[in-house]
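> predicted model and sequence below, questions to follow.
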Amino acid sequence: DGNLSMKFGIAPDGSPMYSLNYGETAVIRPSHLGYEMRGVLKAQKIVFGDKDIQKVDDKPCWSFHDGFKVESIDTCTFDETWQPVWGEESEIRNHYNELAVNLVQTSSDKRMTVRFRLFDDGLGFRYEFPEQKGLTYFVIKDEMTEFAMGGDYTAIWIPGDYDTQEYQYTVSRLSEIKSRMETSMCGNSSQTPFSMTGVQTSLQMKTDEGLYVNIHEAALVDYSCMHLDLDPATLTFRTELTPDAEGWRGRLQTPCKSPWRTVQVVDNACKQLESRLVLNLNEPCAYDDVSWIHPVKYVGVWWEMITGKGTWAYTDDFSSVHLGVSDYSKAKPNGKHSANNENVRRYIDFAAEHGIEYVILDEGWAVNLQADMMQVIPEIDLQELVDYGKSKNVGIILWAGYWAFARDMENVVKHYSDMGVKGFKVDFLDRDDQEMVNFVYEASEVCAKYKMLVDFHGVFKPTGLQRTYPNVLNYEGVNGLEQMKWSSEKEFDMVTYD
């Protein structure tokens, strides 16, 4: 509609830069793009210290954010309308102008493309690394993408954290983030902010002129999650990728690409909610038959276990569980375990009476602490419950811990799909590095293969995967309803209902 304009340029040192305006208003001032990569040869140089001997990279980290020149430019306009499997509308328009800037670093002859897509409601851009000599495998030390804000916007933010999003939101000026960081903590033991000026995306902001600005990412696949770290002096955010256990931010092989970095800009809050920019930047649905996918409601036994009415564990016989040694078939039931046939049948009856489509067998239906989803406790006859639910038009979904699910994913999903189970709620992902991002994608793919729905709990933010895999019905990662069971009123910020 002509409101947004994006400019690209090369700084005197060869750094790629971009900016974004809404009319005459600078939303993103000129901002740098690029990477810092780790050394080519891993830990081959021995360094002798006074006490320690260390191995470090034989070749130092190298810059991939300067020394570039534009080799060529490609442009196009795209306009389509597509039908989502589920959501608020039956059709979504995907309309943008595209600019692909093909760059070459003159000193190394390495190539990179920065692809921009400008929509009526925002900008998306990503890095693309073509297959080429001299750049096959590489490791990211830092992504240097900047978002130089056009003013001291009012922001709605939670602290940057590699493990959790379970925070209450803070409303402040960008310049106040550092001073408000300590009070943004709310006592959740999983909270570990990485910086006094770090925040998570999506980051919602409002300008003094009344524009709504949101920074996020789309199509997060085979890459670490993006957070933001603010330089308060310049009001410039720089990308902070979640590191792996060794401190590196990503391990890639050409040809490959980054997720899209998104900046949504609209002139009222309703348009922000209505934006489908993130979905449009994801790949279309990966399979043809979607007739089995429907958003649903479910009930389950978790709530009574967390209140103490029932227990998680089937037995109290084991104070210490040893994998492959502790024999649950010989254990004495404690009589308080909530996940049992009689109780689950009661929940199925309740669901059928009230038009609720599914019942979830939450934690406790499989043998506790064995990380083996094929070991079902003696009190549960899953096939009998699936058949009973089917007779009442109520489906069964199963809770799964991440590690137990990941270690035997294909066999687990196929086994329970054959039984008639409808899907999984996968829990305790609890981090957002590249490995966990890849797990989420693989789990979505495998569940789709066997026509199983999936709900991720304790997970990182959504970035539009439900367009490609619409069997992904939910991401549960915020400071949500479950916190009300153990938090005081002042410790949670919830919508209350009369």
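All right, it came through fine. Residues are numbered from 1 along each chain as shown.
> for the protein, longest helix please?
Scanning the chain for the longest helix, with DSSP state H as the assignment, gives helix 434-449.
> the very next helix or strand once past that helix pairs with which strands?
The element immediately downstream of helix 434-449 (helix or strand, assigned by DSSP states H and E) is strand 453-457. Taking DSSP bridges as the criterion, strand 453-457 forms sheet pairs with strand 423-427 (parallel), strand 472-476 (parallel).
> can you list contacts of strand 453-457?
Contacts with strand 453-457, where a contact means CB atoms under 8 Å, 6 or more residues apart in numbering, come from 293, 296, 397, 422-429, 440, 443-444, 447, 471-477. Any C-beta I mention is one placed from the backbone N, CA and C, and that applies to glycine too.
> any of those buried? List them.
For the contacts of strand 453-457, a burial check counting by 16 or more other CB atoms under 10 Å picks out 293, 296, 397, 422-427, 429, 440, 443-444, 447, 471-475, 477.
> closest to P12 out of the strands paired with strand 453-457?
strand 472-476 (42.9 Å; CB to CB).
> for the closest one, the distance to its chain's centre please.
10 Å (CA atoms, centre = their mean, to the nearest Å).
> and it, what's its mean pLDDT?
Here strand 472-476 scores 92 as its mean pLDDT.
> so which residues make contact with that strand?
With contact meaning CB under 8 Å, 6+ apart, strand 472-476 is reached by 86, 293, 295-296, 423, 444, 453-462, 465-466.
> list the helices and strands the longest helix of the chain packs on?
Judged by 3 or more CB pairs under 8 Å, 6 or more residues apart in numbering; DSSP states H and E, helix 434-449 is in contact with helix 402-407, helix 409-419, strand 423-427, strand 453-457, helix 465-468.
> most packed of the ones you listed?
strand 423-427 (a mean of 24; mean count of other CB atoms under 10 Å).
> between that strand and helix 434-449, how big is the angle?
Angle, strand 423-427 to helix 434-449, by axes from the mean of the first three to the mean of the last three CA atoms, to 10 degrees: 170 degrees.
> now strand 423-427 against helix 409-419, angle please.
140 degrees.
> wouldn't V386 be in contact with V421 here?
Yes - V386 sits in contact with V421 when judged by CB atoms under 8 Å, with a separation of 6.2 Å.
> mutual contacts of these two, please.
Counting by CB under 8 Å, 6+ apart, the shared contacts of V386 and V421 are I396.
> neighbour count winner among these two?
V421 (23 against 18; other CB atoms under 10 Å).
> who is the residue lying closest to that one once chain neighbours are set aside paired with across the strands?
Spatially, and ignoring its direct neighbours in sequence, V421 is nearest to I396 (5.4 Å; CB to CB, 6 or more residues apart in numbering). Listed by DSSP bridges, the beta-bridge partners for I396 are V359.
> against L429, how distant is I396?
22 Å (CB to CB, to the nearest Å).
> same thing with Y35?
Counting by CB to CB - Y35 and L429 are separated by 26 Å.
> same question for H216.
19 Å.
> grab the CA positions of the longest helix of the chain and hand them over as PDB.
Taking C-alpha atoms only, helix 434-449 is exported to PDB below (Å, rounded to 0.1, in the frame of the first residue of the first chain):
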ATOM      1  CA  GLN A 434      19.400 -25.700  17.300                       C
ATOM      2  CA  GLU A 435      19.200 -29.300  18.600                       C
ATOM      3  CA  MET A 436      15.800 -28.600  20.300                       C
ATOM      4  CA  VAL A 437      14.500 -26.700  17.300                       C
ATOM      5  CA  ASN A 438      15.400 -29.700  15.100                       C
ATOM      6  CA  PHE A 439      13.600 -32.000  17.500                       C
ATOM      7  CA  VAL A 440      10.400 -29.900  17.300                       C
ATOM      8  CA  TYR A 441      10.500 -30.100  13.500                       C
ATOM      9  CA  GLU A 442      11.200 -33.800  13.400                       C
ATOM     10  CA  ALA A 443       8.400 -34.600  15.900                       C
ATOM     11  CA  SER A 444       6.000 -32.600  13.800                       C
ATOM     12  CA  GLU A 445       7.000 -34.400  10.700                       C
ATOM     13  CA  VAL A 446       6.900 -37.900  12.300                       C
ATOM     14  CA  CYS A 447       3.500 -37.300  13.900                       C
ATOM     15  CA  ALA A 448       2.100 -36.000  10.600                       C
ATOM     16  CA  LYS A 449       3.400 -39.200   8.900                       C
END
